[in-house]
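*Asks:* Take a look and give me a structure for this.
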Amino acid sequence: MSKKTTLDEDLQKEVNEGRMPALHHERAFGTVGLTMTIFAWSLATYAFVQGGTVSTLLNVRDGFAATCFGCVIGFALVYYAIIPRTCKYGITTIDAVKPAFGQYGSILISAVLLFAMEAWSLYLLSMSSLSIFDAVQATSVYTPASSPTFLQLIFLISVIFCSLIAVKGINILNKVYTILAPGLLVLGLLLLFLIFSKWDFSQIMAFKPQSPYPLNQINFSLVAEWGLSYSLSFFIAIGTVTRHAKSQSAAAFIPSLGIGWLSILYITIGLIVGLALGSFDFNVWALQLGGQFYGTIILLYIAIANITLYSVLIISLEQTLRQYLKRIKFSLLILIVSIPVIIFGIVPGAITFYYSHYSIVIGYAGAIWAPFCGVLVADEIMRRRKIDLAHVFDNSTRSKYWYLRGFNIYSLLSLAIGLIVYFLLYDPISSNPLQPGIFMWTTATLPSFGISLMLELLFIKTILLPKKKGGYELKDDKGLPAFIEKPNL
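*Replies:* As a prediction, the model looks like this:
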């Protein structure tokens, strides 16, 4: 084997397992692979649970409209906040946020990212484990009630299975989703067939929500808020995958089609069935709608797709920790990020409790990602989509992104104020708006995002630019607009 071949393999390994920017020829996801991955996510995540939760407040027409509003705008925020950097420069999500928050400020952001990823991972695994549990119970092959640890065992096996996939790297996930996605799309069509074989269109439109607020505008705004948070919760996964996308245009269009629109179809399926059967729980109504045979197939297929998505999150977690644990092997880091999940899985009752509190999980997703995206969008606007890669990887005082002792206190302040605004308007624990008169017109995510964005723009214009801090004075080469210029990656 030549030295060049060995070097190429080492570089590819560092791209897949570490922080090295992914060159175009090193990226795993072509247009087809990216399409299959995003389409699989749109069905394999908690879209059905989201739809069931919507059914508690709105009918099909209003629920669909509010979901469209929330999901589409939410994904637009994610797109402008992260995709231009991860895809254009082939860098990890945490490296993409360093220009905004500083070399050491990004450590605080890493802690937030780790918390958010672990929270999402736990919900995906809880949903998948319960799906497998209910599928086994439905087949009468084994009676889970006879073993109180059966659900925990499924959970732990799922974690091990995902970890083994993650160790293989991002390339294997490209192949997995190319296989899974067509089946998931067929599954969506099967669900639509089952729905319209039981109820006609007029019956579906006449379904009433289970426990709405007296004022319908509040119901609409709550569902829109959940839709915003739903799309925002894909921030990390989208950043990880678009880093490996070969086409910038595909990285922009395909996720917006999948997360922004295809998810809406599957959320609407969950909404219709939730209204018809009076249950938000996907694991319950899948068996009621499809019967033992189709219901079991639906549960198992969704479970498999969900736990493979957890593999993407494991890789994202590893890349976040890689910033600070550089000498630890990739496989050992995968084990480290799995330890909190394993501990959670062995706590009695934790899986079912967490799964039954979806509105809290999605509410905190909005609280975290709304102000975060506001800061990043403002930073992207002021930099005109151009960053200096050399300074991203320079942790010394010479870096343009050093700010004050490695912290951009203004970005952190903008983030904190946006977070406060969110909690002043909405309580994720009770799912109640705290200022109904404001919330009914604005939701909580949009003011939180807007305040953080405006404050960040103000701080950059009035403080950082005059002091020439943060590299905002960087000019595009040859006067070309930043979105036209492509880095040599």
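
*Asks:* Okay, strands next: where are they in the stretch 301-450 of the chain?
*Replies:* For the stretch 301-450 of the chain, applying DSSP state E, counting those that start in this stretch gives strands covering 426-427, 432-433.

*Asks:* The last one - contacts with which helices or strands?
*Replies:* Contact here means 3 or more C-beta pairs under 8 Å, 6 or more residues apart in numbering; DSSP states H and E; on that basis strand 432-433 packs against helix 216-232, strand 426-427. Where C-beta positions appear, they are placed from N, C-alpha and C, glycine not excepted.

*Asks:* Do you know the pLDDT at the nearest residue to Trp261 once chain neighbours are set aside?
*Replies:* Using C-beta to C-beta, 6 or more residues apart in numbering and skipping the chain neighbours, the partner closest in space to Trp261 is Val72 (7.3 Å). Per-residue confidence for Val72 comes out at a pLDDT of 91.

*Asks:* hang on, Glu428 packs against Ile368?
*Replies:* No Glu there; residue 428 is Pro. No. Using C-beta atoms under 8 Å, Pro428 is not in contact with Ile368, being 10.2 Å away.

*Asks:* Over to the residue nearest to Trp261: give its phi and psi.
*Replies:* phi -70, psi -50 (degrees, to the nearest 10).

*Asks:* quick revisit: need the winner for burial among the helices and strands packed on strand 432-433.
*Replies:* Comparing those by mean neighbour count (mean count of other C-beta atoms under 10 Å), helix 216-232 ranks first with a mean of 25.

*Asks:* The helices and strands packed on strand 432-433 into CSV, with extra columns for distance to Val241 and mean pLDDT?
*Replies:* Formatted as CSV, the helices and strands packed on strand 432-433 follow (distance: least, C-beta to C-beta, whole Å; pLDDT from 0 to 100):
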stretch, distance to Val241, mean pLDDT
helix 216-232, 15, 94
strand 426-427, 29, 94
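
*Asks:* got these as TSV, with distance to Ala390 columns?
*Replies:* Formatted as TSV, the helices and strands packed on strand 432-433 follow (distance: least, C-beta to C-beta, whole Å):
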stretch	distance to Ala390
helix 216-232	31
strand 426-427	41
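
*Asks:* And the helix or strand Ser121 falls within, what's buried?
*Replies:* Taking DSSP states H and E as the criterion, Ser121 maps to helix 105-139. By neighbour count on 16 or more other C-beta atoms under 10 Å, the buried set for helix 105-139 is 105-107, 109-110, 113-114, 116-138.

*Asks:* where in this protein is pLDDT low?
*Replies:* 1-18, 44-45, 140-148, 260, 323-324, 326, 474-489 (pLDDT under 70).

*Asks:* Spit out the contact partners of Phe353.
*Replies:* Shown in contact with Phe353 (C-beta atoms under 8 Å, 6 or more residues apart in numbering): no residues.

*Asks:* Could you do the one 5 residues further on as well?
*Replies:* Tyr358 sits next to Tyr46, Val49, Gln50, Thr53, Tyr123, Phe280 when contact means C-beta under 8 Å, 6+ apart.

*Asks:* which stretch of helix or strand covers the last one?
*Replies:* In other words, Phe280. Here Phe280 is assigned to no helix or strand, by DSSP H and E.

*Asks:* Quickly note the distance from it to Ala138.
*Replies:* Between Phe280 and Ala138 the computed distance is 19 Å (C-beta to C-beta, to the nearest Å).

*Asks:* Could you do the first one as well?
*Replies:* For Tyr46, the distance to Ala138 (C-beta to C-beta) stands at 21 Å.

*Asks:* Quick one: closest of the helices and strands packed on strand 432-433 to Lys467.
*Replies:* Evaluated over the helices and strands packed on strand 432-433, closeness to Lys467 peaks at helix 216-232, with 31.9 Å, by C-beta to C-beta.

*Asks:* Would you verify that Thr56 is located in a strand?
*Replies:* No. Assessed with DSSP: H, G, I helix; E, B strand; the rest coil, Thr56 is coil; it does not lie in a strand.

*Asks:* just to revisit the earlier point, please identify, among the contacts of Tyr358, the one with the most neighbours.
*Replies:* Using other C-beta atoms under 10 Å as the neighbour criterion, Gln50 leads the contacts of Tyr358 with 32 neighbours.

*Asks:* Any idea how far the helix or strand that residue falls within is from the middle of the chain?
*Replies:* Using DSSP H and E, Gln50 sits in helix 47-54. In terms of C-alpha atoms, centre = their mean, to the nearest Å, the centre of helix 47-54 is found 16 Å from the chain centre.

*Asks:* what does it rub up against?
*Replies:* 63, 66-67, 127, 223, 226-227, 230, 263, 266-274, 279-282, 285-286, 302, 358-359, 362.

*Asks:* before we move on, the earlier item: what's the angle from the helix holding Ser121 to helix 216-232?
*Replies:* 100 degrees (axes from the mean of the first three to the mean of the last three C-alpha atoms, to 10 degrees).
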